[in-house]
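Student: Structure, please.
(chains A, B, C and D)
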2 protein chains.
Amino acid sequence: MDVKTVCLGMLTDGPASGYDLKKQFESSFAHFFAAGYGSIYPALSSLSASGLVECEEVPQEGKPDRKVYEITDEGRQFLLKALENPSPCHKVRSEFLATMCFAHLMRPEDIQTVINNRLEDIARYQEMFRQFESEEMCDWPEGMKFVLGFGKAIAGTMQTYINENRHLLADEPSAKVATGQ
Amino acid sequence: MDVKTVCLGMLTDGPASGYDLKKQFESSFAHFFAAGYGSIYPALSSLSASGLVECEEVPQEGKPDRKVYEITDEGRQFLLKALENPSPCHKVRSEFLATMCFAHLMRPEDIQTVINNRLEDIARYQEMFRQFESEEMCDWPEGMKFVLGFGKAIAGTMQTYINENRHLLADEPSAKVATGQ
DNA sequence: ACTTTATATATCGAATTGATATTATGCATC
DNA sequence: GATGCATAATATCAATTCGATATATAAAGT
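Tutor: Sure thing, here's the model as predicted:
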């Protein structure tokens, strides 16, 4: 399941441009599948070349033509086949955790900064989840609700874990001594 | 913080070969920063070319020479600079969640299979975390313990969330009707 | 006897990232 | 009335990373 396939999936919801898809990658998909223009536009070109989507160019004034893509029957078939993969993976690439692995090489104040920034990032996601819940979520398919709930649950756990364990990393010597005996 | 920098960090623990580092990427780092030979060997070559590590070739019988890399003072300085990034990112790329977004296009039995496989994967991680806790963890730096605890907490949340919400995706029609009235 | 696992390196095409470029409108702000 | 920023929209490119494959041997399990 690469960017191409996810774009194809998004297009089952109706025709859209690369720009439209990017907005979806930045909002509802952001917490588990981010993609930039450098992935999206080549993906759409390739899908178009394989006949899995069709492109209609809509002229506009002042702006570049809008290229609106629509999934074809062949594209739908291809997507269904792709969804049959019984073991889709779930990968994390965390520079944050990698940094924390080497916390013993860092200055305590820098550790604190990194942690605070991470907490802010998490808070931003939580705000987003809250917004989704209050607005548009009613007409989303169940799968989408499941995925959003998943993200929300993980964000909550990360927040709690970091708050409850940050002292392990940035222990003032006094605290260490006090706990030691 | 790319693969190069993480390799450099791992080498602060003592000299090691690419093969050794790969084992670490497969065990204690697997849940948040996986890397394959295709990334590790070029990373070590590049680090060597920049003088951030030094390479000693150790001849062996039957097997290729072991190339043991050791971090240099310049490498240590470079690592400390890299660790000063105040906002290291934390990214997820989940083909599992992407698949679940399109669950309404899938057959219920396929959804079940995907979920069961994901739960097995999580269980494998949990087994790994348990092993780490019982064995070697005592002499790890605090940062490493923090990171392992983080992974364990996330795995637990994923497991619970999936078990408590899988019915949303694979509702037999009967259950739906029963709940509906 | 056969197959898998472990030791060890290396490479290559394909996919992805992150940054940058282009062009135009509209909306604040100074 | 000018300057700058956000939004709309596409596109490209170098650098990085992924996943698979190749090579070679020994040990250990079936």
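
Student: Figure out the helix or strand that the residue of chain A found nearest DNA strand C lives in.
Tutor: Chain A approaches DNA strand C most closely through A:G38 (2.1 Å), counting by C-beta to the nearest atom of the strand. All C-beta spots, glycine's among them, are computed from the backbone N, C-alpha and C. Assigned by DSSP states H and E, A:G38 belongs to helix A:37-49.

Student: in that helix, what counts as buried?
Tutor: For helix A:37-49, a neighbour-count test (16 or more other C-beta atoms under 10 Å in any protein chain shown) marks A:S39, A:I40, A:A43, A:L44, A:S45, A:L47, A:S48 as buried.

Student: Which member of the residues you listed is positioned nearest A:E133?
Tutor: A:I40 (26.7 Å; C-beta to C-beta).

Student: which residues touch that closest one?
Tutor: Counting by C-beta atoms under 8 Å, 6 or more residues apart in numbering or on different chains, A:I40 touches A:V3, A:C7, A:G18, A:L21, A:K22, A:F25.

Student: pLDDT check: weakest of these?
Tutor: Ranked by pLDDT, the contacts of A:I40 bottom out at A:G18, which scores 93.

Student: Can you give the domain ranges for chain A?
Tutor: A:3-82, A:95-176 (automatic domain parsing).

Student: what about the longest helix in chain A?
Tutor: When chain A is parsed with DSSP state H, its longest helix is helix A:108-134.

Student: tell me the mean pLDDT for the next helix or strand after it?
Tutor: Scanning forward in sequence from helix A:108-134 by DSSP H and E, the next helix or strand is helix A:142-165. Average pLDDT, helix A:142-165: 96.

Student: Check the spacing between A:N116 and DNA strand D real quick.
Tutor: Distance, A:N116 to DNA strand D, using C-beta to the nearest atom of the strand, to the nearest Å: 22 Å.

Student: next one: A:I154
Tutor: According to C-beta to the nearest atom of the strand, A:I154 and DNA strand D sit 20 Å apart.

Student: So which of the contacts of A:I40 are in strands?
Tutor: If you go by DSSP state E, the contacts of A:I40 have nothing in strands.

Student: Show the buried residues in those.
Tutor: If you count burial by 16+ other C-beta under 10 Å, the buried members of these come out as A:V3, A:C7, A:G18, A:L21, A:K22, A:F25.

Student: Pretty sure the third one sits against A:G36.
Tutor: What it means is A:G18. No: using C-beta atoms under 8 Å, A:G18 is not in contact with A:G36; the gap is 10.7 Å.

Student: so what sits against both of those two?
Tutor: Contacts common to A:G18 and A:G36, judged by C-beta under 8 Å, 6+ apart, are absent.

Student: hmm, back to that, any part of the longest helix of chain A near chain B?
Tutor: Yes: under the criterion of C-beta under 8 Å from any C-beta of the partner chain, chain B is reached by helix A:108-134 at A:D110, A:T113, A:V114, A:N117, A:R118, A:D121.

Student: Below-threshold pLDDT in chain A: ranges please.
Tutor: Within chain A, the segments meeting pLDDT under 70 span A:60-64, A:136, A:171-181.

Student: Surely A:A155 and A:I122 touch.
Tutor: Yes: the criterion here is C-beta under 8 Å, and A:A155 meets it with A:I122 at 5.3 Å.

Student: Which neighbours do these two have in common?
Tutor: By C-beta under 8 Å, 6+ apart, no residue touches both A:A155 and A:I122.

Student: tell me which parts of chain A are close to DNA strand D?
Tutor: A:17-20, A:22-23, A:36-38, A:41-42, A:44-45, A:60, A:63-68, A:89, A:91, A:93 (C-beta under 7 Å from any atom of the strand).

Student: Provide the backbone phi and psi angles at A:V53.
Tutor: Backbone geometry at A:V53, expressed as degrees, to the nearest 10, gives phi -140, psi 160.

Student: So it sits against A:Y69, correct?
Tutor: Yes: using C-beta under 8 Å, A:V53 is in contact with A:Y69, at 4.5 Å.

Student: that older thread, could you point out which element follows the helix holding A:G38?
Tutor: Following helix A:37-49 toward the C-terminus (DSSP H and E): strand A:53-58.
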